[in-house]
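S.K.: structure here, sequence nowhere to be found:
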């Protein structure tokens, strides 16, 4: 199976961001969009704030962060922050989900 996890610094440390099938369904429910439509919105900079926040929050949970802690992290490090700080992370998470890891990154991880 292809690894679609993404590692990045968020808030206070390096975290793994990953979607399970169940969390993808929840992302679609929370954003009101299928994954293709959501990716299109985010990649085209036509996203909602919820698109960004839920992408980060749910993928934190998929990466192993407890749901309550993921909520706290979003409240502390994403809500109220400039979009320029959170949009690149959400985009990177969805890019790996959509395209897979770049070959140089896949070999390392």
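M.R.: Received the coordinates, thanks. Just so you know, these numbers come straight off a predicted model, no measurement behind them.
S.K.: phi, psi of the closest residue to residue 20 other than its chain neighbours?
M.R.: Excluding the flanking residues, the one nearest residue 20 by Cβ to Cβ, 6 or more residues apart in numbering is residue 62, at 5.1 Å. Every C-beta, even on glycine, is put in place using the N, C-alpha and C of the backbone. Phi and psi for residue 62, reported as degrees, to the nearest 10, are phi -60, psi -30.
S.K.: relative to residue 27, how far out is residue 62?
M.R.: According to Cβ to Cβ, to the nearest Å, residue 62 and residue 27 sit 10 Å apart.
S.K.: common neighbours of those two, please.
M.R.: residue 19 (Cβ atoms under 8 Å, 6 or more residues apart in numbering).
S.K.: regarding residue 19, what is its secondary structure?
M.R.: Following DSSP: H, G, I helix; E, B strand; the rest coil, the label given to residue 19 is coil.
S.K.: so how far is residue 11 from it?
M.R.: 19 Å.
S.K.: neighbour-wise, which of those two wins?
M.R.: Taking other Cβ atoms under 10 Å, residue 19 and residue 11 do not tie; residue 19 has more neighbours (24 against 14).
S.K.: ok, that one - contacts?
M.R.: Contacts of residue 19 (Cβ under 8 Å, 6+ apart): 4, 27, 58, 59, 62, 97.
S.K.: look up the pLDDT of the residue nearest to residue 20 for me, please.
M.R.: pLDDT, residue 62: 97.
S.K.: from here on, count from 20
M.R.: Yes, from this point I'll number from 20; that puts the last item at residue 81.
S.K.: what pLDDT is listed against residue 119?
M.R.: 87.
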